[in-house]
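Trainee: Build me a model:
(chains A, B, C and D)
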Number of protein chains: 4
Amino acid sequence: MGIIVFHGSTRKDSNTAYLTYRAVPKSEATHIHLRDYQVHPIVDERHSEQGFKPIDDDHKILIDQLLAHDTVVFSTPIYWYGMAGPLKQFIDRWSQIMRDPDYQHFREEMKKKKVYAIIVGGDSPEIKGLPLIQQFQYICQFFGMTFAGYLIGKASKPGEMKNHEEALAKAAFLLKRE
Amino acid sequence: MGIIVFHGSTRKDSNTAYLTYRAVPKSEATHIHLRDYQVHPIVDERHSEQGFKPIDDDHKILIDQLLAHDTVVFSTPIYWYGMAGPLKQFIDRWSQIMRDPDYQHFREEMKKKKVYAIIVGGDSPEIKGLPLIQQFQYICQFFGMTFAGYLIGKASKPGEMKNHEEALAKAAFLLKRE
Amino acid sequence: MGIIVFHGSTRKDSNTAYLTYRAVPKSEATHIHLRDYQVHPIVDERHSEQGFKPIDDDHKILIDQLLAHDTVVFSTPIYWYGMAGPLKQFIDRWSQIMRDPDYQHFREEMKKKKVYAIIVGGDSPEIKGLPLIQQFQYICQFFGMTFAGYLIGKASKPGEMKNHEEALAKAAFLLKRE
Amino acid sequence: MGIIVFHGSTRKDSNTAYLTYRAVPKSEATHIHLRDYQVHPIVDERHSEQGFKPIDDDHKILIDQLLAHDTVVFSTPIYWYGMAGPLKQFIDRWSQIMRDPDYQHFREEMKKKKVYAIIVGGDSPEIKGLPLIQQFQYICQFFGMTFAGYLIGKASKPGEMKNHEEALAKAAFLLKRE
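Mentor: As a prediction, the model looks like this:
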């Protein structure tokens, strides 16, 4: 079923994208840039009488793409020691999908996925990015997905990733992990 | 200068709000429910030539309130092991404020704040909420703010917090920490 | 089968002990002070031909006590952001017990235990003690034990815990968690 | 002043040692195998009237070696999600050194060190080894040392590390981090 990459960066040609394409070349995966899709933030209506209101945006298009692949890569810059908004917003809405009659198979399908994370930050990401890695781990654990590996890159200024030899060398190994 | 509470919950009368009001009674603080304000998500333009575009929303109103208090409480339900969207969105935009000529004092002022966090989740929050606590800690560390304490509550269904004797007992102590 | 407490403190009448007795009164549990027992450090012989050499110390006495109870409390001062030596040494040797023909039931029995942790430190223990809490969580996860709760106290000088109202108040709730 | 490596493994020719020698070749550093030295466990006498009793073992030999180098590598197998006994015991006794009149310069000297950590485990070390990485980070932070990088290897059976291409590739980069 192949690999899908969800890019959380809000900036074009970001350092995060550069590292991600080195780990998962364009030709080898479906690449989704979340900034090109409209996804509304979740409103918690799990406990309201009528349940979640249907929302007219691109979320289900993205969910269908997610379900059509068996390896999922989440790629995000680190914003304030968490994931970028577009990615979090996409994930937050899973709470709604899980209660959608059209997606009763969602949880069971997710269980079969293999997940990787690629995160890039400027402030000691190898240490201060670890809570974000643990967050991905708990998300995977929730569904019983395999969290197969992660890659942490350090960069701030545009183009800087190109000089980060170590991260680029590691990138080549990411998808080889089981 | 007093206490300000930023509520991240998207639901009215949430368990998170109940616990928060027990820790910080209505009469003792300025309570801001972020869902009542419009804050656009950040678009990373730190490196674009013209810098960040001005955004017409309520963010600066909230920043002015933040700066007018010396104790700051962040209150949020745990969504997918991270903070709720409205709170993250508010914080993400600080990156823009820090580059706004009208807020050159922002970073220096933030340094003086004392910060508390209140988080509530349904899935083992005392363990799986810890990455979120560490995220708050790194945010405080960035500015040199004092992260003076946190409170973790467990609840899923509406009204459930009322029976969580332990969290309520702890709530009474939160602001006494230095 | 009742509660057993393993005290890791090397000092008599420590702050850690004080807090622990408030959470688990003397009369309600078997209290084991590990410093009163001789436990040799593990030598990793998992892969040597003849396996682990038998060791003449008190470790099996402690293991038998452990197995005779269904609720286990680990109590330890925080030394350099980890658990105290006597407790770690006791746990490290479980690797040997798991390969001991007399204890083939060890792993299966451990699965049934409910575990609590009490940790006390002087340097921001509520933040800097969290890796230790996560370590306990992973130990529990290894066996499939329930990690039912933890208590973090702050104290440095002898006797200081007596004034830590908040920790003492929390102590009363520890064993009530499920 | 050069590089010193403290090896915490209790087993000769361990996977941890193999990875460590790939990151820090024999000829480029002073390699200390802690299992070849006698270090007694700490007994907390910080608060006893006469202070710590002098201990007749090899600890000060090791401390003198530590102080004679400016880059320090801690290498340890992961035992129960923490560092191995010989390394922890060596570090625990720093509490005693800091109160030793002969080592009044200890804390000030430590501040100048650059520190790396190499950890190897068999049970999802890239996730479950993270609390140990954070522990090293807090130890560094205590002294104001620079925690310049870490390396996590996965291996259980003897010799297995030789096939862990990714870890070996990363090893080559470890000391290049600043």
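
Trainee: From the centroid of chain A, which residue is nearest?
Mentor: Geometric centre of chain A, nearest residue: A:Phe74, 2.5 Å, by Cα atoms, centre = their mean.

Trainee: pretty sure it is in a strand, no?
Mentor: Yes: A:Phe74: assigned to a strand according to DSSP: H, G, I helix; E, B strand; the rest coil.

Trainee: what's the distance between it and chain D?
Mentor: 15 Å (Cβ to the nearest Cβ, to the nearest Å). Every C-beta, even on glycine, is put in place using the N, C-alpha and C of the backbone.

Trainee: OK, contacts around the closest residue to that residue other than its chain neighbours?
Mentor: Spatially, and ignoring its direct neighbours in sequence, A:Phe74 is nearest to A:Ala117 (4.9 Å; Cβ to Cβ, 6 or more residues apart in numbering or on different chains). By Cβ atoms under 8 Å, 6 or more residues apart in numbering or on different chains, the residues touching A:Ala117 are A:Val73, A:Phe74, A:Ser75, A:Thr76, A:Leu132, A:Ile133, A:Phe136, A:Phe147, A:Gly149, A:Tyr150, A:Leu151.

Trainee: Name the single longest helix found in chain A.
Mentor: Assignment by DSSP state H gives helix A:130-143 as the longest helix of chain A.

Trainee: For that helix, name the packing helices and strands.
Mentor: Applying 3 or more Cβ pairs under 8 Å, 6 or more residues apart in numbering or on different chains; DSSP states H and E, one finds that helix A:130-143 makes contact with strand A:71-79, strand A:82-83, strand A:114-121, strand A:146-154, helix B:130-143, helix D:125-128, helix D:130-143.

Trainee: Pull the distance from the second one to the chain's centre.
Mentor: In this case it means strand A:82-83. Distance of strand A:82-83 from the chain centroid (Cα atoms, centre = their mean, to the nearest Å) equals 10 Å.

Trainee: Could you list the contact residues of chain A toward chain D?
Mentor: Taking Cβ under 8 Å from any Cβ of the partner chain as the contact definition, chain A meets chain D at A:126-127, A:130, A:133-134, A:137, A:147, A:149-150, A:165-166, A:169-170, A:173, A:176-177.

Trainee: Buried only: go through those residues for me.
Mentor: Among those, the ones that count as buried by 16 or more other Cβ atoms under 10 Å in any protein chain shown are A:Glu126, A:Ile127, A:Leu130, A:Ile133, A:Gln134, A:Gln137, A:Phe147, A:Gly149, A:Tyr150, A:Glu166, A:Lys170, A:Phe173.

Trainee: Contacts only, for the fourth one.
Mentor: Okay, so that is A:Ile133. Counting by Cβ under 8 Å, 6+ apart, A:Ile133 makes contact with A:Ala117, A:Ile119, A:Tyr150, A:Ile152, D:Ile127, D:Leu130.

Trainee: Can you tell me which of the buried ones among the residues of chain A next to chain D has the lowest confidence score?
Mentor: Ranked by pLDDT, these bottom out at A:Glu166 (87).

Trainee: and that one, that's in a helix?
Mentor: Yes: according to three-state DSSP, A:Glu166 belongs to a helix.

Trainee: Specify which member of the residues of chain A next to chain D is nearest to B:Pro101.
Mentor: A:Ile127 (32.5 Å; Cβ to Cβ).

Trainee: So for the closest one, what's the nearest residue that isn't a sequence neighbour?
Mentor: D:Gln137 is the one closest to A:Ile127 (Cβ to Cβ, 6+ apart), at 5.4 Å.

Trainee: wait, the one you found sits on D:Phe147?
Mentor: Yes: applying Cβ atoms under 8 Å, one finds D:Gln137 in contact with D:Phe147, separated by 5.2 Å.

Trainee: Which residues are in contact with each of these two?
Mentor: A:Ile127.

Trainee: so does the host helix or strand of A:Leu62 get close to chain B?
Mentor: For A:Leu62, the host element (DSSP states H and E) is helix A:59-67. No: judged by Cβ under 8 Å from any Cβ, helix A:59-67 stays clear of chain B, getting no closer than 13.7 Å.

Trainee: quick one: buried residues of that helix?
Mentor: The neighbour-count criterion (16+ other Cβ under 10 Å) identifies A:His59, A:Leu62, A:Ile63, A:Leu66, A:Leu67 as the buried residues of helix A:59-67.

Trainee: Kindly reformat those residues as a markdown table containing distance to B:Ile55 and pLDDT.
Mentor: Below are the buried residues of helix A:59-67 laid out as a markdown table (distance: Cβ to Cβ, whole Å; pLDDT from 0 to 100):
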| residue | distance to B:Ile55 | pLDDT |
| --- | --- | --- |
| A:His59 | 24 | 97 |
| A:Leu62 | 25 | 98 |
| A:Ile63 | 29 | 98 |
| A:Leu66 | 30 | 98 |
| A:Leu67 | 35 | 98 |
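
Trainee: Between which two of those is the distance greatest?
Mentor: Largest separation among these by Cβ to Cβ: A:His59 and A:Leu67, giving 12.6 Å.

Trainee: The closest residue to chain B within chain A: how many residues sit nearby?
Mentor: Of all residues in chain A, A:Pro131 sits closest to chain B, at 3.7 Å by Cβ to the nearest Cβ. Residues lying near A:Pro131 (other Cβ atoms under 10 Å in any protein chain shown) number 25.

Trainee: A:Ala148 too?
Mentor: When neighbours are counted by other Cβ under 10 Å, A:Ala148 comes out with 20.

Trainee: Out of the residues of chain A next to chain D, the closest to B:Glu49 would be?
Mentor: Nearest to B:Glu49 among those, with distances taken as Cβ to Cβ, is A:Glu165, at 28.7 Å.

Trainee: Ramachandran coordinates for the closest residue to that closest one other than its chain neighbours?
Mentor: In this structure, A:Glu165 finds its nearest non-sequential neighbour in D:Phe173, 7.2 Å apart by Cβ to Cβ, 6+ apart. For D:Phe173, the backbone dihedrals (degrees, to the nearest 10) come out as phi -100, psi -20.

Trainee: Quick check: A:His69 touching A:Glu28?
Mentor: No: counting by Cβ under 8 Å, A:His69 does not reach A:Glu28; the two are 11.8 Å apart.

Trainee: Need the overlap of contacts for these two.
Mentor: Joint contacts of A:His69 and A:Glu28 (Cβ under 8 Å, 6+ apart) are A:Ile3.

Trainee: neighbour-wise, which of these two wins?
Mentor: A:His69 (17 against 13).

Trainee: part of a strand, is A:Pro41?
Mentor: No: A:Pro41 sits outside any strand when classified using three-state DSSP, being coil.

Trainee: so what's it up against?
Mentor: Residues near A:Pro41 by Cβ under 8 Å, 6+ apart: A:Gln89, A:Asp92, A:Arg93, B:Thr10, B:Gly85, B:Pro86, B:Gln89.

Trainee: Would you confirm that the fifth one contacts B:Thr10?
Mentor: Which is B:Gly85. Yes: in this structure, B:Gly85 is within contact of B:Thr10 by Cβ under 8 Å, at 7.3 Å.

Trainee: Up against chain B, what does chain A have?
Mentor: By Cβ under 8 Å from any Cβ, the residues of chain A that approach chain B are A:9-11, A:14, A:41-45, A:47, A:77, A:79-83, A:85-86, A:88-89, A:91-92, A:94-95, A:123, A:128, A:130-132, A:134-135, A:138-139, A:142, A:157-158.
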